[in-house]
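Asker: Below: sequence and its predicted model.
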Amino acid sequence: MAEVSLEFIQSQLQSIQMQLREIKATADLDRRNTRSMYDNLAAEMTRGLGDLSVRIDGLATLIEDRFNHLIEVISNK
């Protein structure tokens, strides 16, 4: 059976440590990118909901004005 040298084991461990550092760096970068994408999505959804709220308020005012006009027309007859 072939003996494994200490130098071989050490080089393998160093290689594994380097790969683990690369994996950690990639995971950290992915986490930061994901957070940024989540924040952008949340901001976009908030803006969209704000726009929708303004449109609904405008529509409610328009409907109220139309009903008031109809009540006026009916009351004058």
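Answerer: Yep, that arrived.
Asker: ok, the residue most central in space within the chain - contacts?
Answerer: Nearest to the mean C-alpha position of the chain, counting by C-alpha atoms, centre = their mean, stands Y38 at 2.0 Å. Contacts of Y38 were listed using C-beta atoms under 8 Å, 6 or more residues apart in numbering, and none were found. The way it works is simple: take the backbone N, C-alpha and C, and place the C-beta from them, glycine included.
Asker: Distance check, I9 against I16.
Answerer: For I9, the distance to I16 (C-beta to C-beta, to the nearest Å) stands at 10 Å.
Asker: Hmm, I typed the wrong one, I wanted S5.
Answerer: The spacing between S5 and I16, counted by C-beta to C-beta, is 17 Å.
Asker: Return the set of buried residues in stretch 54-73.
Answerer: For stretch 54-73, burial by neighbour count (16 or more other C-beta atoms under 10 Å) applies to no residue.
Asker: In CSV, list the C-alpha atoms belonging to that stretch.
Answerer: C-alpha atoms of stretch 54-73 as CSV (Å, rounded to 0.1, in the frame of the first residue of the first chain):
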residue,chain,number,x,y,z
VAL,A,54,-53.6,57.7,-6.2
ARG,A,55,-55.6,56.3,-9.1
ILE,A,56,-58.2,54.8,-6.8
ASP,A,57,-58.6,58.1,-4.9
GLY,A,58,-59.0,59.9,-8.2
LEU,A,59,-61.6,57.4,-9.4
ALA,A,60,-63.5,57.7,-6.2
THR,A,61,-63.6,61.5,-6.5
LEU,A,62,-64.8,61.2,-10.1
ILE,A,63,-67.5,58.8,-9.1
GLU,A,64,-68.6,61.0,-6.2
ASP,A,65,-68.7,64.0,-8.5
ARG,A,66,-70.9,62.1,-11.0
PHE,A,67,-73.3,61.0,-8.3
ASN,A,68,-73.5,64.5,-6.9
HIS,A,69,-74.3,65.8,-10.4
LEU,A,70,-77.0,63.1,-10.8
ILE,A,71,-78.5,64.0,-7.5
GLU,A,72,-78.5,67.6,-8.6
VAL,A,73,-80.2,66.8,-11.9
